[in-house]
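Participant: When you get a sec, could you give me coordinates for this:
(chains A and B)
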Amino acid sequence: MFRHTPLRYGTLALLAALALFKAVTADYFGLEILTEILILAILVIALDMVAGFGGMVSLCHGALMGVGAFAYALLTVKAGLTPPLALAAAIGITGGAAWIIGAICARSHGIYFIMATLAFGQMAYSYVFQTPTFGGDDGLGGIARLDLTAFGIDLNDSRTFALFCLAALAASYCAIVGILRSGLGRSLTGIMHNEQRMRALGLTVWRVKADVFGLSGMIAGLAGALAAQHMMFISPGLLSWKVSGEALVVVILGGLGTLVGPIVGAAAFVLLKHEVSALTSYWHLVVGVILIAVVMSRANGIFGWIETRWTARKATRRTGPADAPLKEARTDA
Amino acid sequence: MPDPGFWTLQALNALQLSMLLFLLSIGLTVIFGLMHFVNLAHGSLYAVGAYVAASAAAVGGYWAGFFLAPVAVAGLGILLYSGLIRRMRRSGPMAQVLVTFGLIFALLDLSRLIWGDLALSIELPALLAGRTALLGIEYPTYRLFIIGLGLAIIAALAFVLGRTQIGAMIRAGVDNDAMAACLGINVERLFFIVFCVGCALAGLAGAVAAPLLSVTPDMGLQILIPTLIVIVIGGLGSLKGAVAGSLIYGFVQTFGAVLAPQLASVLIYALLAAVLVIKPVGLFPAKG
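Facilitator: This next block holds a predicted model:
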């Protein structure tokens, strides 16, 4: 089950303070990067909920985000729905699609689960790519942002939009923590640790998996609808498996199953991408080498590494240095 | 209704695509079956093979590239094995997927660094450049060459895996590696040999594909998904599965594109999803 430690609270507070500070002081380019980080963070915590707490390593979350983006865009541009309705519908549609994928894939495990989700993601990608209604290769433009002028908020201002995305991230985070602490979330973690035993306890395993996958899909749909509003233009490339793969890389870089880690990972990934691509066009090489190094170090990502260090140091302080190696070995295991 | 020649042509196209995919998927599937190692960078090795072939062909003609590419990629495989993969053998599948995912990124940019962003191409030798009359149609000789090469390699692998001692050792290792090790088989060395052969076949596939497609840095990424689909449909670890999966992919893709262009790309993924739902471990897995 998910627990908040002082370290996690501290990191969250620090991240929120940094984001708020940037949202107030940054220039236009800085705000664009901040918004990109926030939207990616929403997507990766949704992925961490299923991958880190349910063992469902999904390679279709990028596609789910794309479904949310296209649903929002089509409903506002072509069907003429008002943005708030379209936003709710996009979240619902993505959640429904994710529920179906989760229900079908629930029987698969390990590499087969990854492949099955990849297949569904690619199916959505190919379908959107080849259907003229979706704009095909050209994509769709002219997407309107949510109109909150009634509350005195103008989302067409990029500073306000960044703050809006920050609020959405905070809401998604709270929702995920709530889900993970509920009976559903506890069942999910139980299934990850021992599916056989949970089934023997009388649990309908596939329903739990599908429900959580659907909820995760809703949050990915929210990320997609925000991404569509952010860029005001979408292309099928949003659904490609490379986006899903990148999301998975971010979760791992940050720390699988820590929920706070993936947010750190999202910030690190986007900043790294922009910093390195400003210096050289070979940023993939840098990201690849960092990824290999992180995995080879056997730490659970950046945040997992910090957490291990933190608990090891606390243990040393409490019990004296003589016991330290033993404690460290135990936290590593 | 199109004439019979049209169907022959499409069937040959499908067969040629199948053989190319087979060359890639057999290495990947046996490596996975034997080592439980998911090498996502297999497609990148194929791209490196294509680049080596293109460079060698520019100097010494097509055949230089054809023979050099498998050797060079096997060499790269040895480097990867001793540097990375041997250390990752004991870690879980997730870590392996991620390390090889990182390798994809790194190899993609390394090949861009070495060979640049522009697409390269290879001149065919005079022997394979023309067209051959076959079953009432004219078909490019080079594509027939690919089909023949694929069939020859299937036959050779079927012989080695089914009739020789090393084949029996590999099958024993796939079935139960701990028991095979107890019987005195050096499983670790077996892994190494299989890994090198798999890499060499990936390099060969790259060299063979280079004249058909233009050689670009992301060709490894483009072929990765079809290869994974092939091995998951076919079932991991078996020659039969790789052959069946390649044929299914090749024919569904080719005839899908001809008969229902709108659905073609969705069709293969729908098929994959159906296979995974009905037989979650593929059609012909090595282990029952």
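Participant: switch to C-alpha atoms for all contacts and neighbour counts from now on
Facilitator: Fine.
Participant: Can you show me the strands along chain B?
Facilitator: Listed in chain order, the strands of chain B (DSSP state E) span residues B:131-134, B:137-140.
Participant: hey, least reliable of those by pLDDT?
Facilitator: Here the lowest mean pLDDT among the strands of chain B goes to strand B:131-134, at a mean of 76.
Participant: right, and residue B:273 touches residue A:118 too?
Facilitator: No - using C-alpha atoms under 8 Å, residue B:273 is not in contact with residue A:118; the gap is 9.5 Å.
Participant: where does the stretch 51-200 of chain B come near chain A, residue by residue?
Facilitator: B:88, B:93, B:95, B:98-110, B:113 (C-alpha under 8 Å from any C-alpha of the partner chain).
Participant: Buried ones among the residues you listed?
Facilitator: B:88, B:93, B:95, B:98-110 (16 or more other C-alpha atoms under 10 Å in any protein chain shown).
Participant: Closest one to residue B:40 out of the residues you listed, please.
Facilitator: Ranked by distance to residue B:40 (C-alpha to C-alpha), these are led by residue B:100 at 5.3 Å.
Participant: ok, back up a step: mind picking the lowest-pLDDT entry from the buried ones among the residues of the stretch 51-200 of chain B next to chain A?
Facilitator: Lowest pLDDT among these: residue B:93, 71.
Participant: So residue A:47 sits against residue A:60, correct?
Facilitator: No - in this structure, residue A:47 is not within contact of residue A:60 by C-alpha under 8 Å, at 9.5 Å.
Participant: a strand runs through residue A:305, doesn't it?
Facilitator: No - assessed with DSSP: H, G, I helix; E, B strand; the rest coil, residue A:305 is helix; it does not lie in a strand.
Participant: That one and residue A:37: what is the separation?
Facilitator: 21 Å (C-alpha to C-alpha, to the nearest Å).
Participant: same thing with residue A:165?
Facilitator: 10 Å.
Participant: next one: residue A:235
Facilitator: Distance of residue A:235 to residue A:37, given as C-alpha to C-alpha: 19 Å.
Participant: Looking at the two, which is more packed in?
Facilitator: Taking neighbours as other C-alpha atoms under 10 Å in any protein chain shown, residue A:235 and residue A:37 compare with residue A:37 leading, 25 against 21.
Participant: check contacts around the more buried one.
Facilitator: A:266, A:267, A:270 (C-alpha atoms under 8 Å, 6 or more residues apart in numbering or on different chains).
Participant: secondary structure class for it?
Facilitator: Reduced to three states by three-state DSSP, residue A:37 is helix.
Participant: What pLDDT is listed against it?
Facilitator: pLDDT at residue A:37 comes out at 94.
Participant: next one: the one 5 residues further on
Facilitator: Reading off the confidence values, residue A:42 has pLDDT 95.
Participant: Go through the strand or helix carrying it and flag the buried ones.
Facilitator: Per DSSP states H and E: residue A:42 is located in helix A:28-54. Buried positions in helix A:28-54, judged by neighbour count with 16+ other C-alpha under 10 Å: A:31-54.
Participant: For chain A, which residues are neighbours of chain B?
Facilitator: A:104-105, A:107-108, A:110-112, A:115-116, A:119-120, A:122-124, A:126-127, A:130-131, A:249, A:282-292, A:295-296.
Participant: Among those, name the ones in helices.
Facilitator: Of these, the ones assigned to helices by DSSP state H are A:104-105, A:110-112, A:115-116, A:119-120, A:122-124, A:126-127, A:130, A:249, A:283-292, A:295-296.
Participant: Buried subset of those residues, written for ChimeraX?
Facilitator: Restricted to buried positions by 16+ other C-alpha under 10 Å, the ChimeraX selection for these reads:
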select /A:104,105,112,115,116,119,120,122,123,124,126,127,130,249,283,284,285,286,287,288,289,290,291,292,295,296
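Participant: Just the helices from chain B, written as ranges.
Facilitator: Under DSSP H, chain B gives helices at B:4-35, B:42-60, B:62-80, B:86-88, B:93-115, B:126-129, B:141-163, B:165-175, B:177-182, B:187-209, B:219-234, B:239-259, B:264-278.
Participant: so which of these is the most packed in?
Facilitator: Among those, helix B:42-60 has the highest mean neighbour count (mean count of other C-alpha atoms under 10 Å in any protein chain shown), at a mean of 27.
Participant: and that helix, what other elements does it pack with?
Facilitator: Contact analysis of helix B:42-60 by 3 or more C-alpha pairs under 8 Å, 6 or more residues apart in numbering or on different chains; DSSP states H and E lists helix B:4-35, helix B:62-80, helix B:93-115, helix B:187-209, helix B:219-234 as its packing neighbours.
Participant: Using CSV, list the CA coordinates for that helix.
Facilitator: Extracted in CSV, the C-alpha atoms of helix B:42-60 (Å, rounded to 0.1, in the frame of the first residue of the first chain):
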residue,chain,number,x,y,z
HIS,B,42,17.6,-6.5,-31.7
GLY,B,43,16.1,-4.1,-34.2
SER,B,44,19.0,-1.7,-33.7
LEU,B,45,21.4,-4.5,-34.5
TYR,B,46,19.6,-5.0,-37.7
ALA,B,47,20.0,-1.3,-38.5
VAL,B,48,23.7,-1.4,-37.7
GLY,B,49,23.9,-4.4,-40.0
ALA,B,50,22.3,-2.4,-42.8
TYR,B,51,24.7,0.5,-42.3
VAL,B,52,27.8,-1.8,-42.2
ALA,B,53,26.5,-3.4,-45.4
ALA,B,54,26.0,-0.1,-47.1
SER,B,55,29.5,1.1,-46.1
ALA,B,56,31.1,-2.1,-47.2
ALA,B,57,29.1,-2.2,-50.4
ALA,B,58,30.3,1.3,-51.3
VAL,B,59,33.9,0.0,-51.2
GLY,B,60,33.8,-3.6,-52.2
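Participant: Pull the distance from that helix to the chain's centre.
Facilitator: 14 Å (C-alpha atoms, centre = their mean, to the nearest Å).
Participant: Kindly report the same for stretch A:264-279.
Facilitator: 16 Å.
Participant: what does stretch A:183-200 rub up against?
Facilitator: So stretch A:183-200 is contacted by A:1, A:53, A:54, A:55, A:179, A:180, A:205, A:208, A:209, A:212 (C-alpha under 8 Å, 6+ apart).
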